[in-house]
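**Student:** Okay, predicted coordinates and the sequence, questions at the end:
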Amino acid sequence: MEFAEAVERCAQHLTQVRRLAPATVRAYRADLRDLHSATAVANVEDVDLELLREWLWSATKRGDARSTVARRTASARGFFAWALDAHVVDFDPSLRLVAPKRGRTLPKVATTDALTEMFSGLLSLAAEGDPIALRDLAMIELLYGAGMRVSELCGIDIDDLDTDRRTVRVVGKGSKERVVPFGEPARDAVSAYIVRARPTLHARAEIRTHRALFLGARGSRVGTRAVYDVVARTLGPVVGGAVGPHALRHSAATHLLDGGADLRTVQEILGHASLGTTQIYTHVSSERLASTYRLAHPRA
C-alpha cells in the first residue's frame, strides 16, 4: 500500500475507532508525513527498522527535544501496529524501536503576586466595557480558576456552564467529560462577559446558531491560538518570559497543593488519567519550599 494512503487510513482509524482527540490525530499525521518525507519510501512495506532509526537519529541531530523524538517513536509504533492488524504489512518493523527517555522538567508556575498583578491589569481594561477585554478577563479567570486545558476552554458551550453552582462541564483528552468547580472571581467575570460582551460579539457572526461560550472578534468560536496570544500578552510581562495557557493550569495545580488540597482531588480537577501525572506538582511545591528555606534559614 502507498505510504500516503496508509497514513490517511490510519488517521481515519484513530478518529473513528479509537476516537482520539483531533489534536492527537493531527500530531500522528504530522509525524507520519515527516517519516514519509525523510525516508522517501513509496510503500509502507518498504520501511524497516534501520530506516526508522535513521529517521529518529536525524531528528536528534537536528536538535529536536527528547519529548518530540519520543512522541515520534510512539507515532511510528502506533502506525505499524495498526498496519499489522489491518494486514497492510506482514511484520512490525517498529517493535525494537527504542524511545529516548523524556527529560523531567518542572512546569513554569506564576506566583500569586504575579497573578494578582495580571488580574489587576485585566480588570482595569474590562472596566472600560470593551467586549474583547471582558472576554479576555473571563477566559483567564476560568483557565486559572478551573485549571483547565486551553482546548477544554475553547470547547465550552453556554449550556455547559452553571454559574449558580460555579461548575463547568468540559471535554478533555480522549473525549472524557468532567465537571470542574471555579471560584467567585471567575463567576463574576464570566457573568459580566455573558451579559455585557457576548451579545455584541455574537452579533458579528455570519452564522449565529452556535452556542460557544467564548467568541472571537468576528463572532465565531474562539480558537486556541487567540487564547495563547491573550495569555502571552497578559501573563508574559509579569512573569518575565514566554508563557502559554498551560502555565495557568500549572499554577492552579501548584497553588491548590500549596493550599492543602490532596493529590486525588487535584487529579480529578485537572482530569489526569494517572495520579503519576499529577505528582509532578508535588515536586514543584517541594522546590518552592526548599527555595524559601534556603533564603530564610540562617543556617541553610
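**Tutor:** Ah, there it is. All of these numbers come straight from a predicted model, not from anything done at the bench.
**Student:** element containing R53?
**Tutor:** If you go by DSSP states H and E, R53 is part of helix 49-62.
**Student:** Quick one: end-to-end length of stretch 154-171, please.
**Tutor:** One end of stretch 154-171 sits 10 Å from the other (CA to CA, to the nearest Å).
**Student:** Go through it and flag the buried ones.
**Tutor:** 154-156, 160-161, 166-171 (16 or more other CB atoms under 10 Å). For glycine as for every other residue, the C-beta is placed from the backbone atoms N, C-alpha and C.
**Student:** Can you tell me which of those residues is closest to L270?
**Tutor:** Of all those, L270 sits closest to V170, with 10.7 Å by CB to CB.
**Student:** which strands and helices sit next to the helix or strand that closest one falls within?
**Tutor:** Counting by DSSP H and E, the element that carries V170 is strand 167-171. If contacts are counted by 3 or more CB pairs under 8 Å, 6 or more residues apart in numbering; DSSP states H and E, strand 167-171 sits against helix 131-146, helix 150-154, strand 177-181.
**Student:** Make JSON lines from the ones you listed and add distance to V230 and mean pLDDT to it.
**Tutor:** Listed next are the helices and strands packed on strand 167-171 as JSON lines, based on distance: least, CB to CB, whole Å; pLDDT from 0 to 100:
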{"stretch": "helix 131-146", "distance to V230": "5", "mean pLDDT": "96"}
{"stretch": "helix 150-154", "distance to V230": "10", "mean pLDDT": "94"}
{"stretch": "strand 177-181", "distance to V230": "20", "mean pLDDT": "91"}
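**Student:** Indicate which one of these is closest to R218.
**Tutor:** R218 lies closest to helix 131-146 among the helices and strands packed on strand 167-171, at 11.3 Å (CB to CB).
**Student:** quick check, distance from that closest one to the centre of its chain.
**Tutor:** Distance of helix 131-146 from the chain centroid (CA atoms, centre = their mean, to the nearest Å) equals 17 Å.
**Student:** Could you name the helices and strands sitting against that helix?
**Tutor:** When contacts are defined as 3+ CB pairs under 8 Å, 6+ apart, helix 131-146 packs onto helix 112-126, helix 150-154, strand 167-171, helix 184-196, helix 198-202, helix 224-234, helix 245-258.
**Student:** helices or strands next to the last one in the packing?
**Tutor:** Based on contacts counted as 3+ CB pairs under 8 Å, 6+ apart, the elements that helix 245-258 packs against are helix 131-146, helix 150-154, helix 224-234, helix 263-270, helix 280-296.
**Student:** Next: the fifth one.
**Tutor:** Helices and strands touching helix 198-202, by 3+ CB pairs under 8 Å, 6+ apart, are helix 131-146.
**Student:** got the angle for the helix it packs on vs helix 263-270?
**Tutor:** Relative orientation of helix 131-146 versus helix 263-270 (axes from the mean of the first three to the mean of the last three CA atoms, to 10 degrees): 150 degrees.
**Student:** Quick check: buried residues in helix 131-146?
**Tutor:** Neighbour counts over helix 131-146 (16+ other CB under 10 Å) mark 131-146 as buried.
**Student:** returning to that earlier point: buried residues in the helix holding R53?
**Tutor:** Applying 16+ other CB under 10 Å to helix 49-62 flags 52, 55-56, 59 as buried.
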